[in-house]
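Novice: next come a sequence and a model predicted from it.
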Amino acid sequence: MKISKTEIEAVRKWMYRNARPIDLARWQYHFENGSKEAVLKALLAYQNDDGGFGHALEADSWNPNSSPIQTWCATEVILEIGGIEKTHPIIQGILRYLDTCKDFSEGYWLAEIPSNNDFPHAPWWSYGENVIEEWGYNPTACLAGFILFYADSSLSIYKKAEMIAKTAVDKYLSGELLNDMHESLCFIRLMEYCDRANKRDLFDITMLKTKLQDQVSKLLTRDTEQWKTSYVCKPSQFFNSPRSPFHEENRDLVDYEIAHIIGTKNKSGVWDITWKWEMYEKEFAISENWWKANLVIVNMLFLRGFDCL
C-alpha cells in the first residue's frame, strides 16, 4: 500500500498554504531537497537571548520565555535534520541556557514553568507544584543526552549531564519511573545520543535497549479503534524505519499504521489531530494548524521510511 503522487501533491500544497516557516522548511528539507541552513534559520526565530527556546515552538504553549520543553523541541528538530556542528551558535546557546540551571530543580529540567500560566496554553502545560512527579524525566533524559553529545567533556554542564544520565537510567531500569510514552522517548534519545557519541561507559546501553524494547511494545496502543479519536501511542511515536530496534516486535502495528495514515486523510488531504485544549479557543485554532503541519511531516517520514511513498 502506497500513497499516490496526487495525494502527495495535495499534502505539499496544503503545507505551502498553512505551515509556519519552521515546518515548511522541514518539509522542504525532507521532501524537496531543501537546505539544512533554511531549517536552522527558521528555528533561530524561536531562540531567546539566553539560548533557550520559546515562542510556541511547542505549539501547545504560547509562552515566549525559554523553557526546557520548548528547548527540547529545538533539539528534536536538530536531530531530525541529522545534527549540526558542535560549535554552531544554536548549539552553544542551548548549552548556555541549560547550564544556567534556570528551570532546573532536584536533578530535573522542569517540563512546566510558572510563566506558562501567563500565556495561552493547553491545560497539560499549566504549571503546578507537582511538575516533577507528573513529568518525570521528560524532557530531562533527552536534554542530558544532548549535552553528552554536544558539550565538551571538560565543562561543568557535561559533568552534571553524566550524573543525571546515570541516575535516570538506574531509576528507569529499576522500574521506579512513570514509563509513559513521552518519558520513554526521552530515554530512547538518551540512548541514541550516547551511542552516537561512543559514550557507552556511563551505563549499560544494552540493558537499557532491552528494557526500552520491552517498554515500547507495552506502550503501543493495540486497541486500534482508539486511534481514530484519541491521543494514543503509535509506532511513529518512536521510530520510522525498519532499521529501528523497535520495529521487529511491532511489525503488525507498523503495517496497521501505514494503512491508517493512508486511509484517514481529511477533506484537505492531510490529517486531523486528536486533542483539544478546551480553553483559549481562538489560539487553539491556530495551534491546531501548526500541529497538523507537524503531523504531516511525522506521517510522511513514516511512510517514506517504510517505502510507501
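Specialist: Nice, I can see it.

Novice: residue contacts, the residue lying closest to Trp291 once chain neighbours are set aside?
Specialist: Nearest residue to Trp291, sequence neighbours excluded (CB to CB, 6 or more residues apart in numbering): Ile273, at 4.8 Å. Yep, even glycine has a C-beta here, placed from its N, CA and C like the rest. Residues counted as contacts of Ile273 (CB atoms under 8 Å, 6 or more residues apart in numbering) are Glu288, Trp291, Lys292, Leu295.

Novice: looking at those residues, which are in strands?
Specialist: Judged by DSSP state E, the contacts of Ile273 include no members of strands.

Novice: neighbour-wise, which of those leads?
Specialist: The most crowded member of the contacts of Ile273, judged by other CB atoms under 10 Å, is Lys292 (21 neighbours).

Novice: so where do the helices sit in the stretch 201-309 of the chain?
Specialist: 205-219, 251-263, 281-305 (DSSP state H, counting those that start in this stretch).

Novice: next, format those as JSON lines and append mean pLDDT.
Specialist: Listed next are the helices of the stretch 201-309 of the chain as JSON lines, based on pLDDT from 0 to 100:
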{"stretch": "helix 205-219", "mean pLDDT": "96"}
{"stretch": "helix 251-263", "mean pLDDT": "97"}
{"stretch": "helix 281-305", "mean pLDDT": "98"}
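
Novice: mind putting those into CSV with distance to Phe239?
Specialist: CSV is the format used below for these (distance: least, CB to CB, whole Å):
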stretch, distance to Phe239
helix 205-219, 8
helix 251-263, 9
helix 281-305, 8
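
Novice: circling back to that earlier point, can you name the two of the contacts of Ile273 that sit furthest apart?
Specialist: Maximum pairwise distance in these, criterion CB to CB, is 10.3 Å, between Glu288 and Leu295.

Novice: please, where are all the helices along the stretch 51-200 of the chain?
Specialist: 68-80, 89-99, 131-135, 140-150, 156-174, 181-196.

Novice: so which of these gets nearest Tyr16?
Specialist: Proximity to Tyr16 (CB to CB) singles out helix 68-80 among the helices of the stretch 51-200 of the chain, at 19.3 Å.

Novice: ok so, going back, now for the helices of the stretch 51-200 of the chain, which one comes closest to Phe302?
Specialist: Here helix 68-80 is closest among these (CB to CB), at 12.8 Å.

Novice: buried stuff in that closest one?
Specialist: Residues of helix 68-80 classed as buried: Pro68, Ile69, Gln70, Thr71, Trp72, Cys73, Ala74, Thr75, Val77, Ile78, Leu79 (neighbour count, 16 or more other CB atoms under 10 Å).

Novice: no further questions, thank you.
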